[in-house]
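Participant: Build the 3D model from these lines:
(one chain, ligands or ions: 1)
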Amino acid sequence: MSAPSDTQRMEKIVSLCKRRGFIFQSSEIYGGLNGAWDYGPLGVELKRNLKNYWWRVMVHERDDVVGMDGAILTHPDVLKASGHVEGFTDPMIDCRTCKAHLRADQLVEKKGVKQCPNCGGKDLTVPRQFNLMFETHVGAATDESSIAYLRPETAQSIFVQFKNILEVSRKKLPFGIAQIGKAFRNEINPRNFTFRSREFEQMELEYFCRPEQGMELLEYWKEERLKFYENIGIPRSKLHALTVPDEERAFYSKGTYDIEYDFPFGWQELEGIAYRTDYDLLQHQKAGGKSLEYFDEETKQRFVPHVVEPSAGVDRTVLALICEAYSEDQAPDEKGKMETRVVLRFHPRVAPIKCGVFPLLKNNPQLVGKAKEVVGLLRPHMTLFYDASGAIGRRYRRQDEIGTPFGITVDFETLGEKDPALRDTVTLRDRDSMKQERVAIQDLPAILRERLA
Ligand code: GAP
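Facilitator: Below you'll find the predicted structure:
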């Protein structure tokens, strides 16, 4: 499904990401490496918070899921069996005018004639299949025998380790194996900032089940995954689960949903949820020559389990979180004049920095001492940013722009100078409403922990 793109909004987001240290182009000082991105100090915290929350919900809070962390280097036989060596391709077309390599679906059509989207050229090659996997060599030899691949998805190591994990975890069907990790695809045209990259991370669950449970579990996981996105601050109105039509589904899949988000550049996929039947395990059983069957002690039946796979992109979800959070409103400056405020309205759960701590004046040792005390009290519980420089309004703005949900100011009332009853209290500011409340320092850990849960 497409929607009008909002180029200006996207440009502001990309520029903020660089200016404040969320995302930088990889190898930037050497001119950049297309399709690769480096996460800066704030980006890495945001990404980590997302991955930790996914792991918490998908693994720690469930009895029926265990985790694994597989190797990125993959034996070619694994990817031959899975079908990637033969079929993990995109149709590629070259524009003979501007020499661009294009994915066939990126051509534009004007009056029934296909054209290059870059230069409008009509002199195009016929499509040819381009394999998206990165090939490398393992060991000193660089011949056929040493070929290995950087994994194009994390899923295959889960299938290959299915039997080992079943044995060590002693789980009964239905149960899942979860993994978060890097995947690599030599995309013909990386684009839309981090959305389509050549190196990215996935959060994948392979949920093994009996054949008769597959369709029901597909619906179950669709709902669970939609709830997940809502719980990190992406409203249901900006998400939809698209039923992938029969002709676009992998031949072995009995049902697939794409969860799409309304990005500024249109509705695009965040996650695929596929009922992959017993295809993967059967392929590896056949190629590897070892039984991947499950023995059901109750029915005494032996069979190869089916699988439902929710497969989400870390980088795409980070981008969706930033796009969703970005907003501009009007707020008064120091002199009371209204100005535009840029604010990232992250859900506190994923915000990179949870709380800013500010002594009202940086050259007052008592205020600074108290503020440092507050930092010491809160540091074990959350990420903090201590900032003593500049007018307090400026300091608030700097935190608003990176999405810090709370700000604590230590002022003269904290020192009990105006009213002894207010000694050891501070103001706690809410990023979104900009309202401030007075709270006791000793209550801060409990109040903030509850609001960040
Ligand atoms: N194991 C199934 C699988 O890999 P996929 O739909 O190809 O399915 C799953 O990928 C998710 O991985 C996508 O929904 C997307 O979020 C992420 N992803 C795939 N290709 C990507 C790319 N080139 N850049 C960033 N994320 C990507």
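Participant: so who does Val368 touch?
Facilitator: Listed by C-beta atoms under 8 Å, 6 or more residues apart in numbering, the contact partners of Val368 are Pro359, Lys362, Ala388. Any C-beta I mention is one placed from the backbone N, CA and C, and that applies to glycine too.
Participant: run the last query once more with 6 Å
Facilitator: Applying C-beta atoms under 6 Å, 6 or more residues apart in numbering, we find Val368 in contact with Pro359.
Participant: Now find how far off-centre the host helix or strand of it is within its chain.
Facilitator: Secondary structure assigned from DSSP states H and E places Val368 in helix 365-378. Going by C-alpha atoms, centre = their mean, to the nearest Å, the spacing between the C-alpha centre of helix 365-378 and its chain's C-alpha centre is 35 Å.
Participant: Mind checking the pLDDT average for the next helix or strand after it?
Facilitator: Proceeding N to C from helix 365-378, the next assigned helix or strand is strand 384-386, under DSSP H and E. What strand 384-386 shows for mean pLDDT is 98.
Participant: Report the buried residues of strand 384-386.
Facilitator: Residues of strand 384-386 classed as buried by neighbour count (16 or more other C-beta atoms under 10 Å): Leu384, Phe385, Tyr386.
Participant: Describe which strands it pairs with in its sheet and in which direction.
Facilitator: strand 355-359 (parallel) (DSSP bridges).
Participant: Please enumerate the helices of this protein.
Facilitator: 7-19, 41-55, 76-81, 84-87, 155-160, 162-169, 214-231, 279-288, 314-325, 365-378, 392-402, 444-452 (DSSP state H).
Participant: Minimum distance to the ligand, which residue of this protein gives it?
Facilitator: Gly313 (2.2 Å; C-beta to the nearest ligand atom).
Participant: That residue: neighbouring residues, count only.
Facilitator: If you count neighbours by other C-beta atoms under 10 Å, Gly313 ends up with 23.
Participant: What residues are bridge-paired with it?
Facilitator: Per DSSP bridges, the residues bridged to Gly313 are Gln202.
Participant: Tell me how far it lies from Glu334.
Facilitator: 42 Å (C-beta to C-beta, to the nearest Å).
Participant: residues from the stretch 301-450 of the chain in reach of the ligand?
Facilitator: Counting by C-beta under 6 Å from any ligand atom, the residues of the stretch 301-450 of the chain close to the ligand are Glu309, Ser311, Ala312, Gly313, Asp315, Arg316.
Participant: ok, 8 Å please
Facilitator: Contacts of the stretch 301-450 of the chain with the ligand, taken as C-beta under 8 Å from any ligand atom, map to Glu309, Ser311, Ala312, Gly313, Val314, Asp315, Arg316, Thr317.
Participant: which of those residues sit farthest apart?
Facilitator: Within these, two members stand farthest from each other by C-beta to C-beta: Glu309 and Asp315, at 18.6 Å.
Participant: Can you list the low-confidence ranges for the stretch 1-150 of the chain?
Facilitator: For the stretch 1-150 of the chain, the stretches with pLDDT under 70 are 1-5.
Participant: Kindly report the residues of it close to the ligand.
Facilitator: Applying C-beta under 8 Å from any ligand atom, we find that the stretch 1-150 of the chain lies next to the ligand at Gly35.
Participant: can you give me the strands in the stretch 1-150 of the chain?
Facilitator: 23-25, 37-39, 65-67, 73-74, 89-94, 101-103, 108-110, 113-115, 128-131, 135-137, 147-150 (DSSP state E, counting those that start in this stretch).
Participant: re earlier: distance to Thr427 for the helices of the chain - can I get that in JSON lines?
Facilitator: Below are the helices of the chain laid out as JSON lines (distance: least, C-beta to C-beta, whole Å):
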{"stretch": "helix 7-19", "distance to Thr427": "27"}
{"stretch": "helix 41-55", "distance to Thr427": "24"}
{"stretch": "helix 76-81", "distance to Thr427": "57"}
{"stretch": "helix 84-87", "distance to Thr427": "56"}
{"stretch": "helix 155-160", "distance to Thr427": "49"}
{"stretch": "helix 162-169", "distance to Thr427": "50"}
{"stretch": "helix 214-231", "distance to Thr427": "29"}
{"stretch": "helix 279-288", "distance to Thr427": "56"}
{"stretch": "helix 314-325", "distance to Thr427": "24"}
{"stretch": "helix 365-378", "distance to Thr427": "11"}
{"stretch": "helix 392-402", "distance to Thr427": "10"}
{"stretch": "helix 444-452", "distance to Thr427": "11"}
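Participant: I'm done for today, thanks for sticking with me.
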